[in-house]
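In: below: sequence and its predicted model.
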Amino acid sequence: MSLLARFLGTWSLAREVDDARAGALLAYEGTATLAPDEAGLVYDEAGAWTAGPYAGLRATRRYLWRPASDGIAVLFHDGRPFHDFALARPAAQHLCGADTYDVTYAFALPGGWQSVWQVCGPAKDYRATTRYCRA
């Protein structure tokens, strides 16, 4: 689990979502806790929308992080594959019906890391940037 060990603990997160289709800028703040389980890490996120049409609504999500041959495999909470990436090239794609989810991670940021999702589909066109800092 040494590859995953650097992510252990609680992270403060700030997410900005630029929804081109809706013409809205949304903001979300919360925490992400990565805790060990028998196969890797459990990613638990909790927070609230602070700006945009969902302001005040709380949200949670859970993923499973697993060591992969050259990086990390991310699974949905029920074990279905979500995406995986190599640390040498921290990017991935997830297809969901007619929607395409492209993610790029940056791990060399001072004091934290970030993910940037570009989501496109018949009813979706947004970019979500999440910055993680040690809590």
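Out: Alright, I've got the coordinates.

In: now Asp44: phi and psi?
Out: Torsion angles at Asp44 (phi, psi; degrees, to the nearest 10) stand at phi -120, psi 120.

In: number of residues surrounding it?
Out: By other C-beta atoms under 10 Å, the residues close to Asp44 number 16. (C-beta placed from N, C-alpha, C; glycine too.)

In: surely it and Leu13 touch.
Out: No - taking contacts as C-beta atoms under 8 Å, Asp44 lies outside contact range of Leu13: 11.6 Å.

In: overlap in contacts of these two?
Out: Taking C-beta atoms under 8 Å, 6 or more residues apart in numbering as the criterion, Asp44 and Leu13 both touch Ala32.

In: identify the residue nearest the geometric centre of the chain.
Out: Closest residue to the average C-alpha location of the chain: Ser115 at 5.9 Å, with C-alpha atoms, centre = their mean.

In: tell me which element the spatially closest residue to Asp37 that is not a sequence neighbour falls in.
Out: Nearest non-adjacent residue to Asp37, counting by C-beta to C-beta, 6 or more residues apart in numbering: Leu64, 7.5 Å away. Leu64 is located in strand 58-68, with elements delineated by DSSP states H and E.

In: pull out the buried residues from that strand.
Out: Within strand 58-68, the residues scored as buried using 16 or more other C-beta atoms under 10 Å are 63-66.

In: could you pull out the strands in this structure for me?
Out: 9-19, 24-37, 40-51, 58-68, 71-76, 81-86, 91-96, 99-109, 112-121, 124-134 (DSSP state E).

In: hang on, the earlier thing: so the residue nearest to Asp37 touches Pro36, yeah?
Out: No - look at Leu64 against Pro36 with C-beta under 8 Å: they stay out of range, at 11.4 Å.

In: overlap in contacts, those two.
Out: In contact with both Leu64 and Pro36: Val42, using C-beta under 8 Å, 6+ apart.
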